[in-house]
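Colleague: Please work out how this folds:
(one chain, ligands or ions: 3)
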Amino acid sequence: MGTIVIKFGGSSLSTTDKIKQAACRIADYKKKGKEVVVVVSAMGKTTDQLLQLAGEITENPAKREMDMLLTTGEQVSISLLSMALTEMGVPAVSFTGWQAGIVTEKVHSNARIIDVKTNHIEEKLAEGKIIVAAGFQGVTEDGEITTLGRGGSDTTAVALAAAIGAERCLICTDVTGVFTSDPRYVPKARKLPSISYDEMLELANLGAGVLHPRAVEFAKNHQVSLEVRSSTENEDGTVIEEEVSMEKNLVVRGVAFEKDITRLTVFGLKNELTGLSSIFSVLAENQIDVDIIIQSQTDGNKTNLSFSIKNKDRQAAVNVLESQKETIGFENIECEAGLAKVSIVGSGMVSNPGVAAQMFQVLADENIQIKMVSTSEIKVSAVIAGDNMISAAQILHDTFNLGTVVEKEKIQ
Ligand code: ADP
Ligand code: ASP
Ligand code: MG
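Modeller: Ligands and ions are numbered 1, 2, ... in the order given. Have a look, this model is predicted:
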């Protein structure tokens, strides 16, 4: 009998009615003869509300206690969904991350899954039960509760699918698939029938919140067949797979964007061999993720260095660098907050020079100043003022004709 993993996101479980609706869909899969493992997020905006509660108590909560708090959200959903299934006469059992065998590294708030112990799940599946597992949470080898980062339930689902050898992992959400851009902000965005792991990974890393980046990484590494689809509609979703041959010739496949970026510039950095490594080591030791880095020569002895980080890390970055000013050897730091990053992604770019030029030209035509740039074989990103983010995304979407169905897709 084939096994499938079905994940429901928070917006698809925001009320008890929606939980009952999800239970009906799950029961349909069971009726089709599948063994079913369900992974759920916290109901609606529960995680945000829990974060707010902590904020009312302290500005600086211990990460361990935050994990303890946030994991309660998913525990509400697993028990309610399990009750809804049982009420319909479909045997189900709820599992926390720990009971589902999700073992993580010893990191709070953004842990990676290092092992999945499937014996407990397999035992209950063999009894004919549907497993309803809590997403986003895990446990360390020494019994500490951890979380996988915001949106991490997707990763739980893919990890379970890989571990039990499921035939497919369905990510059921409030959109009908992966679109050429976020349909909430780019109305002309179009659903893609399929997309490659690599393109999806870039889109997810560059801000397309429809899938957690680590879920895509996991799916690629373990060749999990992944589909993003609606939690309520019956239409086909988007399949994420190794190669999307029919659409290989498309240059740009999607536009992603991300707000709340800060550009931090370190002026007068001593031009010593260890200058760069000492700056980025200090930031890494303090878990500050750096994205784009630009170094410019001022004179023979000194350089200026700009890099982008998330707004939320700004104060911490300034504090740690200032605290080591003498050791690192720089003159001063300046920050520009409220920036955004807009990116175009597509595997066809590798063989199409001029895509970046076209992107920069069209942004210049709209008077949108580019503050930083980064490229890879399959993406070009530009950091711009936050106020320009949505219009830039819409313009780029139009420029690369992403709203138009191409012949190659029609014949699929
Ligand atoms: P869930 O609660 O089900 O995990 P999320 O809010 O995490 O749902 O993800 C779904 C949302 O992702 C959509 O509502 C949409 O606004 C956003 N999104 C961003 N980029 C894309 C994209 N390229 N395609 C589809 N949805 C996207
Ligand atoms: N509940 C968590 C969050 O809101 C995890 C998830 O939804 O995937 O980020
Ligand atoms: Mg999500």
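Colleague: Ligand 3 contacts on the stretch 101-250 of the chain?
Modeller: The stretch 101-250 of the chain comes close to ligand 3 at residues Gly151, as judged by Cβ under 5 Å from the ion. For the C-beta atoms, the positions are set from N, CA and C on the backbone; glycine is no exception.
Colleague: quick one: contacts for the residue lying farthest from the centre of the chain?
Modeller: Going by Cα atoms, centre = their mean, the residue of the chain most distant from its centre is Gly300, 41.6 Å out. Neighbouring residues of Gly300 by Cβ atoms under 8 Å, 6 or more residues apart in numbering: Asn271.
Colleague: For the closest residue to Met1 other than its chain neighbours, name its beta-bridge partners.
Modeller: With Cβ to Cβ, 6 or more residues apart in numbering as the criterion, Met1 has its nearest non-adjacent residue at 5.4 Å, and that residue is Glu35. Glu35 forms beta bridges with Thr3, as assigned by DSSP bridges.
Colleague: ok, Glu35 - how many residues close by?
Modeller: 23 (other Cβ atoms under 10 Å).
Colleague: just Val345 next, same as before
Modeller: Counted with other Cβ under 10 Å, Val345 comes out at 27.
Colleague: That one against Thr375, yeah?
Modeller: No - counting by Cβ atoms under 8 Å, Val345 does not reach Thr375; the two are 11.1 Å apart.
Colleague: how about Asn332, phi and psi?
Modeller: Dihedral pair for Asn332: phi -160, psi 170, per degrees, to the nearest 10.
Colleague: now do the one 3 residues further on
Modeller: Summarising the backbone geometry of Cys335 under the convention degrees, to the nearest 10, its torsions are phi -120, psi 140.
Colleague: residue contacts, the residue in the chain positioned nearest to ligand 1?
Modeller: Ligand 1 sits closest to Gly9 of the chain, with a gap of 1.7 Å, by Cβ to the nearest ligand atom. Residues near Gly9 by Cβ under 8 Å, 6+ apart: Ser41, Ser153, Ile171, Cys172, Thr173, Asp174, Ser231.
Colleague: same question, Ala92
Modeller: Applying Cβ under 8 Å, 6+ apart, the residues near Ala92 are Leu81, Ser82, Leu85, Thr86, Lys129, Ile130, Ile131, Val132.
Colleague: The second one and Ser278, how far apart?
Modeller: Plainly put, Ser82 is 52 Å away from Ser278 if you go by Cβ to Cβ, to the nearest Å.
Colleague: Looking at the two, which is more packed in?
Modeller: Ranked by neighbour count (other Cβ under 10 Å), Ser82 and Ser278 place Ser82 first, with 24 against 18.
Colleague: okay, now Asn221: neighbour count?
Modeller: Neighbourhood size, Asn221 [other Cβ under 10 Å]: 11.
Colleague: Where does the prediction get shaky in the chain?
Modeller: The model of the chain has pLDDT under 70 over residues 244-249, 298, 406-412.
Colleague: One more pass at 50, please.
Modeller: For the chain, the stretches with pLDDT under 50 are 410-412.
Colleague: For it, which residues are neighbours of ligand 1?
Modeller: Contact residues, the chain versus ligand 1 (Cβ under 6 Å from any ligand atom): 9-12, 41, 151, 173-175, 178-179, 181-184, 208-210, 254.
Colleague: Quick one: the helices in the stretch 201-350 of the chain, in order.
Modeller: 213-222, 275-285, 314-323, 325-328 (DSSP state H, counting those that start in this stretch).
Colleague: picking that back up, quick check: the residue of the chain closest to ligand 1 vs ligand 3, distance?
Modeller: Gly9 is 5 Å from ligand 3, where distance means Cβ to the ion, to the nearest Å.
Colleague: Check Lys63 too.
Modeller: Lys63 is 21 Å from ligand 3, where distance means Cβ to the ion.
Colleague: Scan the chain for its longest helix.
Modeller: When the chain is parsed with DSSP state H, its longest helix is helix 63-87.
Colleague: That helix near ligand 2 at all?
Modeller: Yes - contact between helix 63-87 and ligand 2 is present through Gly73 (criterion: Cβ under 6 Å from any ligand atom).
Colleague: related to what we said a few turns ago, narrow the contacts of Gly9 to just the buried residues.
Modeller: Burial by neighbour count, 16 or more other Cβ atoms under 10 Å: within those this picks out Ser41, Ser153, Ile171, Cys172, Thr173, Ser231.
Colleague: Show me these that map onto helices.
Modeller: Counting by DSSP H, the buried ones among the contacts of Gly9 place Ser153 in helices.
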